[in-house]
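[1] quick one, fold the following:
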Amino acid sequence: MAERGAHLTTGALERDERPSIFEVLAQDSLMAAVRPALHHAVKVLSESNPARYGFLWRWFDEIYCGLDLLLQNHFLSRTSASFSENFYSLKRVSSGAGGRLASRGLPRTQHWRSLLLLALLPYLRAKLDKLLARAREEDEFSILLPRSRWRRLCRAFLAAYPFCSMGWEGWVFCQQLLYVFGRAKNHSPLLRLAGVRLARLTTQDIRTLDLRPAAVDTSLAGQRPGAWRLRGLLGAAAGGVAVSLSTGLSLGVFFLQFLEWWYSSENQGTLKSLTSLPTPPPPLHLHQSPDHISTYERLCPLCRRPRANDTALATSGFVFCYRCVYSYVRAHQRCPLTGYPTELQHLVKLYSPDG
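    Below is the predicted model:
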């Protein structure tokens, strides 16, 4: 009877610690909303002042990955959870053992696995998506050269990637269904790869997390001179940056959710109706012949020759030769005159009235 009672008590505790599907999906959507909102903010900054903030747009993925690594490492070390998991009072527990306080952090192996899957995996996926988008643009808009082995492999990968992505999303959906019905310990395959599961913070966890900073300060006072003191200062500086990031994200999370809603595809109709400008009047010089146009206006700003196959950039409005502007945008991803961020889909073919 004693063994059966202990078993029932343990099962009840596990059910109490196990978060609901709404909690785990909410913390997943939190970090998913942060990146697009910051991406849009950086885009606005770079378009307003390309010379000063253009590097933020060009290196956004790398800068975001570095800050994300710093932030997630701070929370994994101090709370055994990522930023979004700690925001919803959750923690990561090793699958092989339980009962570890959140303030002690994860075991070394689970810590590094979690850090890589939280920060580096989204970075690699974002770079892969950009690479595939650029390959699709080149395949659709570029002049096709004789097919090589590399191009055939690229086209095969482009064809297979949507099915791989669909298979991954299906696996995640099945895992979530199993989690809802209590058949799985994790709602995501990434947690299983990291060797952890999610649990709610207990009262003891919250108490130790509140007391930990003071305990650390008193234990380090007057100790570890020299190199250890320098190491402590560097750790404190990194922790301060991580705390500043977490505080800023915590305060701005609702504003980021508003930005996500405001710039969502479902709200584009309302956004255009509120921000659209009146249609300008038609030009008054349509009756003039092309001979009245100066020679300078017919020159390409890149090659300084008469334009061939006129192509305009939708981001700036300047007109170039197609070959000139295609090569430049493909290499630099910006307008050659204004510096505005530009992609290949912003090239617009112009047709003369005579054509």
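[2] C-alpha only now, for contacts and for neighbours.
    Will do.
[3] quick one: contacts for residue 100?
    Residue 100 is in contact with residue 93, counting by C-alpha atoms under 8 Å, 6 or more residues apart in numbering.
[4] that one belongs to a strand, doesn't it?
    No: under the criterion used here (DSSP: H, G, I helix; E, B strand; the rest coil), residue 100 is coil, not part of a strand.
[5] roughly how far does it sit from residue 78?
    As judged by C-alpha to C-alpha, to the nearest Å, residue 100 and residue 78 stand 13 Å apart.
[6] got it, and residue 170?
    Going from residue 170 to residue 78 by C-alpha to C-alpha gives 33 Å.
[7] neighbour-wise, which of these two wins?
    A count of neighbours by other C-alpha atoms under 10 Å puts residue 78 above the other of residue 170 and residue 78, at 19 against 12.
[8] now that one: closest residue in space, sequence neighbours ignored.
    residue 103 (5.4 Å; C-alpha to C-alpha, 6 or more residues apart in numbering).
[9] sketch out the low-pLDDT regions of the chain for me.
    1-16, 97-99, 139-148, 210-297, 353-355 (pLDDT under 70).
[10] can you give me the strands for it?
    90-94, 196-200, 310-313, 319-321, 347-349 (DSSP state E).
[11] as a markdown table, these with distance to residue 128 and mean neighbour count would be great.
    What follows is those, written out as a markdown table (distance: least, C-alpha to C-alpha, whole Å; neighbours: other C-alpha atoms under 10 Å):
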| stretch | distance to residue 128 | mean neighbour count |
| --- | --- | --- |
| strand 90-94 | 28 | 26 |
| strand 196-200 | 27 | 22 |
| strand 310-313 | 26 | 21 |
| strand 319-321 | 30 | 25 |
| strand 347-349 | 23 | 17 |
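[12] state the distance from residue 317 to residue 335.
    In terms of C-alpha to C-alpha, residue 317 sits 10 Å off from residue 335.
[13] more crowded one of the two?
    Counted by other C-alpha under 10 Å, residue 317 and residue 335 do not tie: residue 335 has more neighbours, with 20 against 13.
[14] contacts only, for the more buried one.
    By C-alpha under 8 Å, 6+ apart, the neighbours of residue 335 are 313, 315, 316, 329, 341, 342.
[15] quick one: contacts for the third one?
    Going back to what we said before, that points to residue 316. 335, 338, 340.
[16] inside helices: which ones of those residues?
    The helices, defined by DSSP state H, take in nothing from the contacts of residue 316.
[17] out of these, flag the one nearest to residue 87.
    Residue 87 has its nearest neighbour among those in residue 340, at 36.6 Å by C-alpha to C-alpha.
[18] the closest residue in space to residue 172 that isn't next to it in sequence: neighbour count?
    With sequence-adjacent residues excluded and distances taken as C-alpha to C-alpha, 6+ apart, residue 172 is closest to residue 188, at 5.9 Å. Residues lying near residue 188 (other C-alpha under 10 Å) number 20.
[19] now the one 5 residues further on
    Residues lying near residue 193 (other C-alpha under 10 Å) number 12.
[20] list the contacts for it?
    Residues in contact with residue 193, defined by C-alpha under 8 Å, 6+ apart, are residue 113.
[21] swap in 10 Å and give it another go.
    By C-alpha atoms under 10 Å, 6 or more residues apart in numbering, the contact list for residue 193 reads 110, 113, 114, 117.
[22] quick check: the gap between it and residue 179.
    For residue 193, the distance to residue 179 - C-alpha to C-alpha - is 16 Å.
[23] can you check residue 190 too?
    14 Å.
[24] out of the contacts of residue 193, which end up buried?
    Buried subset of these (neighbour count, 16 or more other C-alpha atoms under 10 Å): 110, 113, 114.
[25] from the residues you listed, which land in helices?
    Secondary structure defined by DSSP H assigns 110, 113, 114 of the buried ones among the contacts of residue 193 to helices.
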